[in-house]
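> Provided below for reference: sequence and predicted model.
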Amino acid sequence: MSVFFITGAGPHIGKTYATGYLGKQLMEQGVNVITQKLVQTGCDRDIATDIMIHRKIMQMPLQVVDKASESCPFVFPFSASPSLASQLQNVSIHPRRLAVATKQLQLKHELVLLEIEGGIMSPLNESVLTIDYMASQGHPVIVITSGQAQSIDYTLLVLETLARRGLSLHALVYNQWHDVDVEFTEQTLLDENQYQQAFDEHDTGTKIAKHTRSVLWHYLTQHHPDAYWVEMPQVCDYGLDPIYKQWDEFEITSQSDLNVTVNTHALVQAGSSVSIESYAKAIADTLLYNGRAYRE
């Protein structure tokens, strides 16, 4: 369990923020953890932007492994699949190099959180899909989902594919970001049409999120009874924009750079789910137990 793949059930699901926040919680539990990005596209820097976001959320500076390209061995400027982005740079993505980079991180850390680029069916090169590489490595998988429209379809397709490929689902992380209430401004409250539109949007979103949570929860308990259902708090990206400018002097300027709120009502609704903080503690306890068993 020294490596977890982290993937998302659909676009803009929050897997980068979830990876960084889980890393932060694991650090607070005393785990020597590092995050890794399998491949980064749409980045014209030497260090992957998602790695920079991880470090910002984890409240730590860029690491030696980041500057040595171990935390993300392939970075491409074109925003496309890893296969196309690499072809446009006349570079071939070799799965062996990806595996070696992860092994190097494992030698220095207790746990590696490995965030994939795009979706599990995204091609790494002309002959290897991301899911092919994941299956060849066999690491357990953490899937990030949310209550937005189409999440049920995306999530169940991912879970079914993982099962067919023999990959173990360790946790389904429900990102509450899409459960945020519609903002009712003073202008909205005074304008009847705007108010009705905002109310309808809020009501529809609430129903979709509630239904999504229920369907996914029942599917998980039926088909993956050993997997965790984890609640991801609303992580606001305050203070993250400057990281794109502070390239050479990356540092954490304030603990207030990261705002976190938890929808406690949602936690109650989820039944026997666990918070991401409790999930991190469970991982830390398992690592500690395995370490003691190994020494004995």
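That came in fine, so what should we check first?

> So Met60: helix, strand or coil?
coil (DSSP: H, G, I helix; E, B strand; the rest coil).

> so how many other residues sit close to it?
The tally of other residues near Met60 (other Cβ atoms under 10 Å) stands at 16. For the C-beta atoms, the positions are set from N, CA and C on the backbone; glycine is no exception.

> Would you mind stating the distance between it and Asp66?
10 Å (Cβ to Cβ, to the nearest Å).

> just Pro11 next, same as before
According to Cβ to Cβ, Pro11 and Asp66 sit 25 Å apart.

> So those two - more neighbours on which side?
Set side by side, Pro11 and Asp66 show more neighbours around Asp66, with 23 against 11, by other Cβ under 10 Å.

> residue contacts, the more buried one?
Counting by Cβ atoms under 8 Å, 6 or more residues apart in numbering, Asp66 touches Ile47, Ile51, Arg55, Cys72.

> Any stretches of the stretch 151-296 of the chain with poor pLDDT?
178-203, 235-272, 291-296 (pLDDT under 70).

> all helices of it, in order?
For the stretch 151-296 of the chain, applying DSSP state H, counting those that start in this stretch gives helices covering 151-164, 186-190, 192-223, 264-269, 276-295.

> Go through the last one and flag the buried ones.
Neighbour-count burial for helix 276-295, with 16 or more other Cβ atoms under 10 Å as criterion, is recorded at Ile276, Glu277, Tyr279, Ala280, Lys281, Ile283, Ala284, Leu287.

> can I get those residues in JSON lines with distance to Thr155?
Below are the buried residues of helix 276-295 laid out as JSON lines (distance: Cβ to Cβ, whole Å):
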{"residue": "Ile276", "distance to Thr155": "17"}
{"residue": "Glu277", "distance to Thr155": "23"}
{"residue": "Tyr279", "distance to Thr155": "18"}
{"residue": "Ala280", "distance to Thr155": "22"}
{"residue": "Lys281", "distance to Thr155": "25"}
{"residue": "Ile283", "distance to Thr155": "22"}
{"residue": "Ala284", "distance to Thr155": "26"}
{"residue": "Leu287", "distance to Thr155": "27"}
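
> From the residues you listed, pick the one nearest Ile142.
Tyr279 (9.1 Å; Cβ to Cβ).

> Leaving out chain neighbours, which residue sits closest to that closest one?
Distance criterion Cβ to Cβ, 6 or more residues apart in numbering; nearest residue to Tyr279, sequence neighbours excluded, is Val230 at 4.6 Å.

> just Thr35 next, same as before
That would be His54: by Cβ to Cβ, 6+ apart, it lies 4.2 Å from Thr35.

> do you know how far that neighbour is from Pro95?
Note on His54: its distance to Pro95, by Cβ to Cβ, is 22 Å.

> So if I had to pick from those two, which one is more boxed in?
Legend: neighbour count by other Cβ under 10 Å for His54 and Pro95, higher for His54 (30 against 15).

> Can you tell me what sits against the host helix or strand of Leu26?
In this assignment (DSSP states H and E), Leu26 forms part of helix 15-28. Contact partners of helix 15-28, identified using Cβ under 8 Å, 6+ apart, comprise 6-8, 33-35, 50, 53-60, 111, 113, 115, 142, 144, 173, 175, 177, 232-233, 235, 237, 260, 276-277, 279-280, 283-284.

> on that earlier part again, what are the neighbouring residues in contact with the residue nearest to Tyr279?
Contact analysis of Val230 by Cβ under 8 Å, 6+ apart lists Ala171, Leu172, Val173, Tyr174, Ser273, Val274, Ser275, Ile276, Tyr279.
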